[in-house]
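Q: Got a predicted structure plus its sequence, pasted below:
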Amino acid sequence: MSAGGLARRKQGALIEWHDVSYTVTDQVTKQQKTIISNMYGMAQPGRLLAIMGPSGAGKSTLLDVLACNTSSRGASLAGRITVDGAPRSGRQFAGISCYVQQKDVLLSSATVREVVHTAALLKLPYRGMSAAEKRELVEATLKELDLTTCADTLIGDETIGLKGISGGQKRRVSVGIELVKDPRVLFLDEPSSGLDSEMAAGVMNSLVRLAQKGRTVVCTIHQPNSDITDCFHDFLLLAGGRTMYGGLWSGAVDFFAGAGYSCPAYKNPTDYFMSVITRDEAAADTLATAYAKLRPALLAAAADEGRATAAQLGLAATAGGGWSTYSSAGGLDGGGSALAATKVAATAAAAAAGANAAGAAAAGAATAEFGVPAGAMALDVDAGAVVEVAAGGGSEPAAPLVPTWFQVSVLMARVWRTWIRSPVMLASELVQYVFVALFIGLMYYKFNDVLGEGDFNRQACIWFSFAVLCFTPSYTAVTNWTSERLLLKRELDQRLYGINTYYLARYAVLLPFEMAQCALFLCVMYFFVGFYPSASNFFIFFAVLSMFQIISEGLGACCAVVTRTPTSAIILLTFVLLVLLSFSGFLTVKTPVYFVWVQKLSYFTYAFSALLDTEFAKISFVDPATGDTVPGLEVLPDSVATGLSPAQNIGVVAAQLGGMELIKLTALHLAHRLNWL
Ligand SMILES: Nc1ncnc2c1ncn2[C@@H]1O[C@H](COP(=O)(O)OP(=O)(O)OP(=O)(O)O)[C@@H](O)[C@H]1O
């Protein structure tokens, strides 16, 4: 694929579904619940299909089913779905289609161009496409979605006061990160929701342009205004998991009129349709019955129009493998035939609704007149036939196109950019470390060697340093996780990379940064308070405090992963850290027997002991009462003794660091596997 490919006609795919039902097991009642039942329809190349309906109608479920995006446990999908006339294969379909979620999950600190470029690097083949071609493709995508003027603007996030692009532009960026893959089919869940009418129309116009290039575009939509409905080619109206109407958008008003529900002049048809289907169960039943009778004619009309579109766009030669099902065998052609068939539908709908007793006969006559065969009118393709896939089984992974090392480097660049683009967070962390180091420095300024004072101050200073280096990085980990979780989930779901890749990239950037923060803290605090001035002691302090800080970060990340919400994570984390601080040996002379296990397991214990032994081994204190000199190690309380040498204590902390990293990685894998992200 070349960058020019985006500008050229794109071959969409014809997706047809026959008698599709989707059933889940309700998590609460454990009962089977059919969310969509016996649905038929098609999404055609070069056309935009809008799926509309009230809340809970089954729009998103149908979209997920069509996009191979179902993942509920205990769910089953029945019916038949074909792509260009052949049974759909999950793996192949994933390669030609994309799914744009309702919620924009974008990195707020990146620019529009960076977001699309990162998507291109992760989604496009590493081999066979040069970096320049990828950049060209990114520019073509930005142009196609009218994003060139804001390409260098940050995405932004109003909730944290980071000004960025508009909601409509964000929605188009979400489309752009899928479009770089140059998909034949786009599925979009409520692309206009949450946008004002102007932005919504802008997004929909972009989608129409994508369809006009030949792609198949399917979206769900909630109560559109007339600017938006102008963009519809085909239309599917659902209520309570049933189809109320499916066919050409231009035939919907006639169909409703035929069923006894004439849209008043000057009323937005979609508002009217919604008011009818939500009015009462009887109205929905009437429409469902009318539609069931007329479905073949309506779909045949839509198929004719679809063929005409494909021919106009020059797509017919390659996309002609389908349409067999709904073909109006009488050889209807172009818009005329479509119009004729919708007239058939309208008349017959009247009959079905009982609104006009003569309507049925008229419909039959019209059928003959316009060439929709009687057989087609009754056609129910493979009704109740095939159970195609169990839910979740449809979206088999496509083979990765990008080597892991390249994914790691792309993600590292992104993590790095995120850090340096968050100057407030970066500065506040650094200021916090320097400020607290100065505070501790002033608090314990220049230790003395008086027994009872110098020894206590040294212990308190080390304990206080631990308190600082456990709370700050772990709370930061919770904050970061909150902002990254959804992006990680989206990208993992799309199989852009795996958990291990994310872990490697993230911590390859983060760990040196954590160590730099620790060095800054130590450089200020160590000499201010006057710990023993030797290089070896300083580096032991640096090594232990760095490991301690990284373990604390891991603890914060684990709390964030298992609790899911930042508030719960902070509550849990604070509790755990307070318990660990309490039993480090400084606050209690003797640990109660039922808490000994906490002390034995805690990394605070070994880190504290290692630093105290290192410092106290080199110094001695003067007893003010006797004037005697007492070696430092002799004044250390038993409560801080682990029975290990300083080297062994450091070894235990290092092992705990490894253990924490393993736990963190496992927690990430489990959260992803259990759909907990
Ligand atoms: N896994 C599930 N288990 C139980 N019920 C489900 C499940 N998935 C969907 N449903 C239910 O099925 C119905 C249709 O859901 P769906 O999300 O498809 O509706 P929708 O038309 O997209 O609604 P909305 O516009 O509010 O998003 C809803 O009542 C929903 O609660």
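A: In hand now; what should we look at? Residues are numbered from 1 along each chain as shown.
Q: tell me which residues of stretch 504-511 are tucked away?
A: Residues of stretch 504-511 classed as buried by neighbour count (16 or more other Cβ atoms under 10 Å): 504, 505, 506, 507, 509, 510. Heads up, the C-betas are built off the backbone N, CA and C, glycines and all.
Q: Wait, the first one touches residue 408, no?
A: Same thing as residue 504. Yes: applying Cβ atoms under 8 Å as the test, residue 504 and residue 408 come out as touching, 5.2 Å apart.
Q: what sits against the nearest residue to residue 610 once chain neighbours are set aside?
A: Residue nearest to residue 610 in three dimensions, not counting chain neighbours: residue 649, with 3.7 Å by Cβ to Cβ, 6 or more residues apart in numbering. Going by Cβ atoms under 8 Å, 6 or more residues apart in numbering, residue 649 touches 606, 607, 609, 610, 613, 642.
Q: cool, and residue 15?
A: Here residue 15 is in contact with 42, 43, 66, 81, 82, 83, 88, 185, 216, 218 (Cβ under 8 Å, 6+ apart).
Q: Just the contacts of residue 649: which are in helices?
A: Mapping the contacts of residue 649 onto helices (DSSP state H) picks out 606, 607, 609, 610, 613.
Q: For these, could you give me JSON lines that also reports pLDDT?
A: Output for these, formatted as JSON lines (pLDDT from 0 to 100):
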{"residue": "606", "pLDDT": "97"}
{"residue": "607", "pLDDT": "97"}
{"residue": "609", "pLDDT": "96"}
{"residue": "610", "pLDDT": "97"}
{"residue": "613", "pLDDT": "96"}
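Q: closest to residue 100 among these?
A: Minimum distance to residue 100 across those is 47.6 Å, recorded for residue 607 (Cβ to Cβ).
Q: Near the closest one, how many other residues are there?
A: 27 (other Cβ atoms under 10 Å).
Q: pretty sure it is in contact with residue 544, am I right?
A: Yes: if you go by Cβ under 8 Å, residue 607 and residue 544 touch, sitting 5.2 Å apart.
Q: Identify the contacts common to the two.
A: What both residue 607 and residue 544 touch, as defined by Cβ under 8 Å, 6+ apart, is the set residue 653.
Q: Contact residues of the stretch 51-200 of the chain facing the ligand?
A: 53, 55, 56, 57, 58, 59, 60, 61, 72 (Cβ under 6 Å from any ligand atom).
Q: ok, what's across the strand from the residue nearest to the fourth one when sequence neighbours are not counted?
A: So the one you mean is residue 57. The shortest distance from residue 57 to any non-neighbouring residue, by Cβ to Cβ, 6+ apart, is to residue 238 (4.1 Å). Under DSSP bridges, the beta-bridge partners of residue 238 are residue 243.
Q: how near is residue 238 to residue 486?
A: 27 Å (Cβ to Cβ, to the nearest Å).
Q: Looking at those two, which is more packed in?
A: For residue 238 versus residue 486, neighbours defined as other Cβ under 10 Å are more numerous around residue 238 (25 against 15).
Q: That one contacts residue 59, correct?
A: Yes: under the criterion of Cβ under 8 Å, residue 238 makes contact with residue 59 at 5.9 Å.
Q: Report the central residue of this structure.
A: residue 490 (2.7 Å; Cα atoms, centre = their mean).
Q: Now do that one against residue 484, distance only.
A: 11 Å.
Q: Residue 38 in helix, strand or coil?
A: strand (DSSP: H, G, I helix; E, B strand; the rest coil).
Q: my guess is it meets residue 22, correct?
A: No: counting by Cβ under 8 Å, residue 38 stays clear of residue 22, with 10.6 Å between them.
Q: more neighbours, the two?
A: Legend: neighbour count by other Cβ under 10 Å for residue 38 and residue 22, higher for residue 22 (24 against 19).
Q: following the strand or helix carrying residue 536, which helix or strand shows up next?
A: Using DSSP states H and E, residue 536 falls within helix 535-563. Following helix 535-563 in sequence order, the next helix or strand is helix 566-582 (DSSP H and E).
Q: So what's the residue count around residue 103?
A: Neighbours of residue 103 (other Cβ under 10 Å): 12.
Q: which one's the longest helix in this protein?
A: Using DSSP H to define each element, the chain has its longest helix at helix 454-493.
Q: just the angle between that one and helix 566-582, please?
A: On the basis of axes from the mean of the first three to the mean of the last three Cα atoms, to 10 degrees, helix 454-493 is oriented at 150 degrees to helix 566-582.
Q: Past helix 454-493, which element shows up next along the chain?
A: That would be, after helix 454-493 and using DSSP H and E, helix 499-529.
Q: can you list residues touching both of residue 238 and residue 59?
A: Common neighbours of residue 238 and residue 59 (Cβ under 8 Å, 6+ apart) are 51, 52, 53.
Q: Make CSV out of these and add secondary structure.
A: As requested, the shared contacts of residue 238 and residue 59 are exported to CSV (three-state DSSP):
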residue, secondary structure
51, strand
52, strand
53, coil
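Q: what does this structure have sitting close to the ligand?
A: Residues of the chain lying near the ligand (Cβ under 6 Å from any ligand atom): 24, 26, 33, 35, 53, 55-61, 72, 222.
Q: Which two among these are spaced furthest apart?
A: 26 and 222, at 24.2 Å, using Cβ to Cβ across these.
Q: sorry, back to before: ok, now which ones touch the residue nearest to residue 57?
A: Contacts of residue 238 (Cβ under 8 Å, 6+ apart): 36, 51, 52, 53, 57, 58, 59, 62, 244.
Q: Repeat the analysis, applying 7 Å as the threshold.
A: Going by Cβ atoms under 7 Å, 6 or more residues apart in numbering, residue 238 touches 51, 53, 57, 58, 59, 62, 244.
Q: I'd like the distance between it and residue 217.
A: From residue 238 to residue 217 the distance is 18 Å (Cβ to Cβ).
Q: ok so, going back, going by distance to the ligand, which of the shared contacts of residue 238 and residue 59 wins?
A: residue 53 (5.4 Å; Cβ to the nearest ligand atom).
Q: returning to what we had before: closest to residue 148 out of the contacts of residue 238?
A: Distances from residue 148 to these, taken by Cβ to Cβ, are shortest for residue 51, at 30.6 Å.
Q: beta partners of the closest one?
A: With DSSP bridges as the rule, residue 51 is bridged to residue 220, residue 236.
Q: give me the number of residues near it?
A: 26.
Q: Against residue 17, how distant is it?
A: 12 Å.
Q: Could you do residue 417 as well?
A: From residue 417 to residue 17 the distance is 42 Å (Cβ to Cβ).
Q: again with residue 471
A: Separation of residue 471 from residue 17 (Cβ to Cβ): 54 Å.
Q: So if I had to pick from these two, which one is more boxed in?
A: Taking other Cβ under 10 Å, residue 471 and residue 17 do not tie; residue 17 has more neighbours (22 against 18).
Q: May I have stretch 87-106 exported as PDB, CA atoms only?
A: In PDB, the C-alpha atoms belonging to stretch 87-106 read as follows (Å, rounded to 0.1, in the frame of the first residue of the first chain):
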ATOM      1  CA  PRO A  87     -18.400 -16.700   4.800                       C
ATOM      2  CA  ARG A  88     -16.700 -14.200   7.000                       C
ATOM      3  CA  SER A  89     -13.300 -15.300   8.500                       C
ATOM      4  CA  GLY A  90     -12.500 -13.500  11.700                       C
ATOM      5  CA  ARG A  91      -8.800 -13.300  11.000                       C
ATOM      6  CA  GLN A  92      -9.100 -12.000   7.400                       C
ATOM      7  CA  PHE A  93     -11.900  -9.600   8.400                       C
ATOM      8  CA  ALA A  94      -9.800  -8.100  11.100                       C
ATOM      9  CA  GLY A  95      -7.200  -7.300   8.400                       C
ATOM     10  CA  ILE A  96      -9.700  -5.300   6.200                       C
ATOM     11  CA  SER A  97     -11.900  -3.700   8.800                       C
ATOM     12  CA  CYS A  98     -11.500  -1.300  11.700                       C
ATOM     13  CA  TYR A  99     -13.600  -0.300  14.700                       C
ATOM     14  CA  VAL A 100     -13.800   3.200  16.100                       C
ATOM     15  CA  GLN A 101     -15.100   3.300  19.600                       C
ATOM     16  CA  GLN A 102     -17.600   5.800  20.900                       C
ATOM     17  CA  LYS A 103     -15.200   7.300  23.400                       C
ATOM     18  CA  ASP A 104     -12.100   9.000  22.100                       C
ATOM     19  CA  VAL A 105      -9.200   7.300  23.800                       C
ATOM     20  CA  LEU A 106      -6.200   9.500  22.800                       C
END
